[in-house]
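Q: test case, fold it:
(4 chains)
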Protein chains: 2
Amino acid sequence: MSREIRRTMPLLSMNIVMQLTELSARQIRYYEEHHLIEPHRTEGNRRMFSLNDVDTLLEIKDYLDQGMNMAKIKKLFAKKNEPVSTDERDLSDSELRNIMREEVRQAQRMQKSSIRRGDLSRFY
Amino acid sequence: MSREIRRTMPLLSMNIVMQLTELSARQIRYYEEHHLIEPHRTEGNRRMFSLNDVDTLLEIKDYLDQGMNMAKIKKLFAKKNEPVSTDERDLSDSELRNIMREEVRQAQRMQKSSIRRGDLSRFY
DNA sequence: AATCCATGTTAGGAAAGCTTACATGAGTGG
DNA sequence: CCACTCATGTAAGCTTTCCTAACATGGATT
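A: Numbering: from 1, shown residues only, chains lettered A, B, ... in the order given. Predicted coordinates:
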C-alpha cells in the first residue's frame, strides 16, 4: 500500500525515462495520448514519470515488439485495470471513486512534500 | 554490489531533489562546491542526482540543523569515506584505481543504457 | 491506389537549469 | 564595535530541455 505510493511517485523526467526505456520522446508522448500512461506534470507543464510509468512503458515496448498494435495493447491494459469481477467486488462506485481520489491526492502530496530522513531506504 | 550501482544511478533532476530534500538549488550547489556530493552531468551540463546523493544531502541537512558547520561535516564525510584501515587492506594503489575506474564506467553505462524488462523491480 | 498507424522531424516558444557575481544577516575573533 | 567569515539569497544572461502542433513517411491493410 505505501509501496504503491512509492511506485507512483513522479520522480523522473523525460530525459531519464527515454534512457531507461530506450523509447523516443515521440513514442512516450504517443502512448500517453492513448492513455496508456498519465504522467504527472510540474507547474511548468513538464512530464514527471513514476517507476510505475517506466514499467508500463517497458511493457508496451514488449507488446509492440511482439507485433501487437496499440488497439490490442489498450484492451490488454483495460482488462488489467478492470475493476474486480462483479462477484468478488463489494465496493460501491462512490466508494471506489473515493479510494481513487485519495490515491491521487497521496501521489500529489508525495510529489510536493519532502521525505523524512531514512525514508529513502525504501527505494533500493 | 549491484545494489551499489542502483543507488548511484543518476536518475533525478535538480527539481525533484529540491523537493525530496527541501533544500534550495543554491544550497545543493554549494554542498557540491564543497565536494560533499558529485552529481553526474548530462551532455548539456545538467546535474543528475542518484539516490545516494539525496541520502547524503539529507545527512548534510541533519548535521547543519544540529549546528555543525561545513568544515566539520566535510571531516565527518572524509572519515566515512576513508580507505579501509591499513591492516585490513590488501590492494595496491593501482588495483584500487582500477576498481574505482570500473565503478565509474559502470555508473556511466547505467546512465546511458537502458534496462531490461524486470530490472525495474529492484527499485521498489 | 487509398488509408491507417506508429513514428520521425521541425519550428517556435516556455520552463528549468547553469555559472557568475553581488548582497546579506548571523556569528566570531580581535 | 569593527572586520570577517560562512551559509544562503537573489539577479542577470545564457543554454538546454521540454512542450505542442503540424506535417512527413514507410510499412501494412484494404
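Q: what is the burial count for the closest residue to DNA strand C within chain A?
A: Per C-beta to the nearest atom of the strand, residue A:44 is where chain A lies closest to DNA strand C, at 1.8 Å. Glycine gets a C-beta too; all of them are placed from N, C-alpha and C. Neighbourhood size, residue A:44 [other C-beta atoms under 10 Å in any protein chain shown]: 6.
Q: same thing with residue A:41?
A: Neighbours of residue A:41 (other C-beta under 10 Å): 12.
Q: ditto for residue A:28
A: Residue A:28 has 23 nearby residues by other C-beta under 10 Å.
Q: got the contact list for the strand or helix carrying it?
A: Using DSSP states H and E, residue A:28 sits within helix A:25-33. Defining contact as C-beta atoms under 8 Å, 6 or more residues apart in numbering or on different chains, one finds that helix A:25-33 is touched by A:14, A:17-18, A:21, A:37-39, A:47, A:57, A:60.
Q: try 7 Å this time
A: A:14, A:17-18, A:37-39, A:57, A:60 (C-beta atoms under 7 Å, 6 or more residues apart in numbering or on different chains).
Q: and that helix, C-alpha only, in PDB?
A: These are the backbone C-alpha positions of helix A:25-33, laid out as PDB (Å, rounded to 0.1, in the frame of the first residue of the first chain):
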ATOM      1  CA  ALA A  25      10.100  11.200 -26.600                       C
ATOM      2  CA  ARG A  26       7.700  10.900 -29.500                       C
ATOM      3  CA  GLN A  27       6.800   7.400 -28.600                       C
ATOM      4  CA  ILE A  28       6.300   8.100 -25.000                       C
ATOM      5  CA  ARG A  29       4.000  11.000 -25.700                       C
ATOM      6  CA  TYR A  30       2.100   9.000 -28.200                       C
ATOM      7  CA  TYR A  31       1.400   6.300 -25.700                       C
ATOM      8  CA  GLU A  32       0.300   8.900 -23.300                       C
ATOM      9  CA  GLU A  33      -2.000  10.300 -25.900                       C
END
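Q: toward the C-terminus, what is the element adjacent to it?
A: strand A:40-41.
Q: let me see the ranges of the helices in chain A.
A: Ranges of helices in chain A, per DSSP state H, are A:2-8, A:14-21, A:25-33, A:51-65, A:70-80, A:93-112.
Q: roughly how far does residue A:52 sit from residue B:80?
A: Computed as C-beta to C-beta, to the nearest Å, the residue A:52 to residue B:80 distance reads 34 Å.
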